[in-house]
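J.: My questions concern the predicted model and sequence given below.
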Amino acid sequence: MDKSIDGTGNDMSEFFAMGGYGFYVWGAYGVAALAVAIELVALHARRRAAEAAHAQGSLR
Amino acid sequence: MNLFRYSSPSTFYPLAGKLVPWFGWSALLLAIIGLWIGFGLAPTDFQQGDAYRIIFIHVATAWMSMFIYLVMAFWSALSLGFNTRLSGMMAQALAPTGALMTFIALWTGALWGRPTWGTYWAWDARMTSELILLFLYFGVIALRNAIDDDRRADRACGVLALVGAINVPIIYFSVQWWNTLHQGSTVSMIAAPKMAAIMLAGMLVMALAVWFYAIAVSLIRVRCIILERELGAAWTSQLTEPGTT
């Protein structure tokens, strides 16, 4: 628990372990990243659908 | 420059399109810098170990969840007061990203609460009012989907957004007004922050990254909404001559 991430970066497994809190830290950041990715994909699909509806329009 | 020129969908659409890459790439750059500070430079906390590193995403999204709601309420007020089309569209564009920020704040808070307080969730004032914020966003989105006429939906959602805005100061001051499991503010506008400078720096850079992300995504979405709602308007279909269809 008292192992620190001291910035030397020479031990990846220590970094991912997060001093025993890996599940909580990566669970938080992982789901946040996933949620952002879902928003971006959904937005891209919405954009495509709106463009398709304007297929004959002149919008950039 | 006359800013009111951009208050109509047809003039705002290309402007928003030009702004998106600036905010989007800035958000990505700031997120990389913020995470580098948060995970590379900031030391392990002497009390919480590395679990505290959740702060960099938790506080940024929690701030943004409240701020987006206030901005949504602001556009709703303009929409109700002046009956302008673009303000209703802006309010509509902000709701999904506000809900996303609220969800991330709640989720990361739960995963932070477990190792530090021993529980994922408690019905204390801060967490309960933040959960109500999520339901308010869902309510605005659901109400929008339930009403076919866009201008009527603007008005109905505007009223709901404005009434719900009372919840934002309740969230913000909940840790002062009630005894909460959630800690009080570590960063305040009236007092010196109670945290190490490097941790504070990481938090502020992440807050800026999340802010720019929210702006970029909302601008992309408002462009979609303009296309969807102005379908058939003369300026969006200049190539489709009237009478040819």
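T.: Cool, got the structure.

J.: give the contact list for B:S129.
T.: B:167, B:170-171, B:174 (Cβ atoms under 8 Å, 6 or more residues apart in numbering or on different chains). (C-beta placed from N, C-alpha, C; glycine too.)

J.: got those as TSV, with secondary structure and distance to chain A columns?
T.: Converted to TSV, the contacts of B:S129 look like this (DSSP: H, G, I helix; E, B strand; the rest coil; distance: Cβ to the nearest Cβ, whole Å):
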residue	secondary structure	distance to chain A
B:N167	helix	22
B:I170	helix	25
B:I171	helix	19
B:S174	helix	22
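
J.: center of chain A - which residue?
T.: Chain A has A:A33 as the residue nearest its centroid, 2.1 Å off, counting by Cα atoms, centre = their mean.

J.: tell me the mean pLDDT over the particular helix or strand that has that one in it?
T.: Following DSSP states H and E, one finds A:A33 within helix A:22-53. Taken as a whole, helix A:22-53 has an average pLDDT of 95.

J.: Report the distance from it to the chain centre.
T.: Offset of helix A:22-53 from its chain centre (Cα atoms, centre = their mean, to the nearest Å): 8 Å.

J.: Kindly report the same for stretch B:103-122.
T.: The answer for stretch B:103-122 is 20 Å, by Cα atoms, centre = their mean.

J.: what do you get for stretch B:204-224?
T.: 8 Å.

J.: Please see if it touches chain A.
T.: Yes: interface with chain A: stretch B:204-224 contributes B:213, B:217, B:220-221, B:223-224 (Cβ under 8 Å from any Cβ of the partner chain).

J.: Stretch B:152-172: which residues count as buried?
T.: The neighbour-count check on stretch B:152-172 (16 or more other Cβ atoms under 10 Å in any protein chain shown) flags B:153-158, B:160-162, B:164-165, B:167-168, B:170-172 as buried.

J.: And B:M206, how close does it get to chain A?
T.: B:M206 sits 11 Å away from chain A, going by Cβ to the nearest Cβ, to the nearest Å.

J.: That residue is in contact with B:A60, isn't it?
T.: Yes: counting by Cβ atoms under 8 Å, B:A60 is a contact partner of B:M206 at 4.3 Å.

J.: overlap in contacts of the two?
T.: With Cβ under 8 Å, 6+ apart, B:M206 and B:A60 have common neighbours B:G34.

J.: buried sites along the helix holding A:A33?
T.: Going by 16+ other Cβ under 10 Å, helix A:22-53 has these buried residues: A:24-29, A:31-32, A:35-36, A:39, A:43, A:46, A:50.
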